[in-house]
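A.B. asks: coords please:
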Amino acid sequence: MTGFFLRLVISAVSLAAAVDLVGGLSFRGEWWMMLLIALIFGAVNSVIKPLLKLLMLPFLVLTLGLFTLVINAFMLELTAWLSRGFDMGFYVSGFWAALKGALVISIVNLLLHWAAAGLVFKSPGRR
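C.D. replies: Sure thing, here's the model as predicted:
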């Protein structure tokens, strides 16, 4: 259960970093709403993304996996669309903003997962 909350917070921080760094992404709301948006983002990524990757497998092979960024951008736009239905204040202005946001989210997510793995899984007696 702790791992779930850690991943949720890391996802929320990654989304917040993308909003700060990418001009076409915006968020107007309370900080806890970003946790709900991260929850939607996680649900979209765990349910729809594998199906989309399976359908787009020829493009993924042809581009040596770089098409994953396009899929991630679509997941970000879908998250914004779903959160708009609940009036959460998260907006993506277009494809290029979503692509840049997906890149920022991927990098920040990777760095935070590395940092968390170093903090959480470090045993006390190890050097």
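
A.B. asks: quick one, phi/psi of Phe90?
C.D. replies: Taking degrees, to the nearest 10, you get phi -110, psi 120 for the backbone angles of Phe90.

A.B. asks: Tell me the gap between the helix or strand Leu119 falls within and the middle of its chain.
C.D. replies: Element membership of Leu119, judged by DSSP states H and E, is helix 95-120. Counting by C-alpha atoms, centre = their mean, to the nearest Å, helix 95-120 is centred 7 Å from the centre of its parent chain.

A.B. asks: Now it: buried residues?
C.D. replies: Within helix 95-120, the residues that count as buried by 16 or more other C-beta atoms under 10 Å are Ala97, Ala98, Leu99, Lys100, Gly101, Ala102, Leu103, Val104, Ile105, Val108, Asn109, Leu112. Just so you know, the C-beta spots here come from the backbone N, C-alpha and C atoms, and that holds for glycine as well.

A.B. asks: cool, and stretch 80-88?
C.D. replies: So, applying 16+ other C-beta under 10 Å, buried residues of stretch 80-88: Ala80, Leu82, Ser83, Met88.

A.B. asks: Identify the residue spatially nearest to the second one, adjacent ones excluded.
C.D. replies: Nearest non-adjacent residue to Leu82, counting by C-beta to C-beta, 6 or more residues apart in numbering: Ile40, 5.4 Å away.

A.B. asks: Out of the buried residues of stretch 80-88, which sit inside strands?
C.D. replies: Of those, none are assigned to strands by DSSP state E.

A.B. asks: Name the nearest residue to Asn45, ignoring sequence neighbours.
C.D. replies: Residue nearest to Asn45 in three dimensions, not counting chain neighbours: Met75, with 5.6 Å by C-beta to C-beta, 6+ apart.

A.B. asks: now what about the helix or strand the one you found falls within, what contacts it?
C.D. replies: Met75 belongs to helix 67-85 when assigned by DSSP H and E. Here helix 67-85 makes contact (C-beta atoms under 8 Å, 6 or more residues apart in numbering) with 18, 36-37, 40-41, 44-45, 48-49, 52-53, 56, 59-60, 89-92, 95, 98-99, 101-103, 105-106.
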